[in-house]
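Undergrad: when you get a sec, could you give me coordinates for this:
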Amino acid sequence: MSDNSRRYPNLKLVLSENGVGWIASVLSLADWTETLEQAAEPKDEPLPSEIFRNHIFGCFIREPITPKLLDELGSDNIVVETDFPHTATNWPHSLERVHECMAAIDDDAKRKIPRGNAERVFNFVPAEPPVLVD
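TA: Numbers count the residues shown, from 1 in each chain. Here you go, the predicted model:
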């Protein structure tokens, strides 16, 4: 395991263009492997899933499995991406598609995933949406 998370405690990595469906499986295998290694040679190292929760964010465009992964990944490390003007996008229906994917999750996650986590990791306050005047 790399020690970058220890050397750079404020390091944040954002994985875009690849969805989040694969992350739980990879973390499960990585934790298991690390646990076996630590059993053979004990060391004070965080598990890969802990490193993920502290340093890594996964992004998705439209991935209906996302709500089912929240028990494994938590809602603090998942961010919606719109990829405008990319060809793999839901634009101009991005917000509608996000709401469809998140219909069954709690209100806290509904705040974090489309907006709150990005605000936190990129340290910004988004502009207010424009108001249409008749």
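Undergrad: can you give me the strands in this structure?
TA: Under the criterion DSSP state E, the chain carries strands at the ranges 13-15, 56-60, 78-80.
Undergrad: so what strands line up beside the last one?
TA: Spelled out, that is strand 78-80. strand 56-60 (parallel) (DSSP bridges).
Undergrad: so where's the chain shaky on pLDDT?
TA: Within the chain, the stretches with pLDDT under 70 are 1, 134.
Undergrad: and the helix ranked longest in it, what does it pack against?
TA: Ranked by residue count and defined by DSSP state H, the top helix of the chain is helix 23-40. Applying 3 or more Cβ pairs under 8 Å, 6 or more residues apart in numbering; DSSP states H and E, one finds that helix 23-40 contacts helix 48-55, helix 66-73. Quick note: C-beta positions are derived from backbone N, CA and C, even for glycine.
Undergrad: list the buried residues for it?
TA: Ile23, Ala24, Leu27, Ala30, Glu34 (16 or more other Cβ atoms under 10 Å).
Undergrad: that one to strand 56-60, inter-axis angle?
TA: Counting by axes from the mean of the first three to the mean of the last three Cα atoms, to 10 degrees, helix 23-40 lies at 160 degrees to strand 56-60.
Undergrad: and helix 23-40, C-alpha only, in CSV?
TA: In CSV, the C-alpha atoms belonging to helix 23-40 read as follows (Å, rounded to 0.1, in the frame of the first residue of the first chain):
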residue,chain,number,x,y,z
ILE,A,23,-15.6,0.4,-6.0
ALA,A,24,-17.2,-1.8,-3.3
SER,A,25,-15.9,-5.0,-4.9
VAL,A,26,-12.4,-3.6,-5.3
LEU,A,27,-12.3,-2.4,-1.7
SER,A,28,-13.6,-5.7,-0.4
LEU,A,29,-10.8,-7.6,-2.1
ALA,A,30,-8.2,-5.0,-1.1
ASP,A,31,-9.3,-5.1,2.5
TRP,A,32,-9.2,-8.9,2.6
THR,A,33,-5.7,-8.9,1.0
GLU,A,34,-4.4,-6.3,3.4
THR,A,35,-5.9,-8.2,6.4
LEU,A,36,-4.0,-11.3,5.2
GLU,A,37,-0.8,-9.4,4.9
GLN,A,38,-1.1,-7.8,8.3
ALA,A,39,-1.8,-11.2,9.9
ALA,A,40,1.5,-12.4,8.5
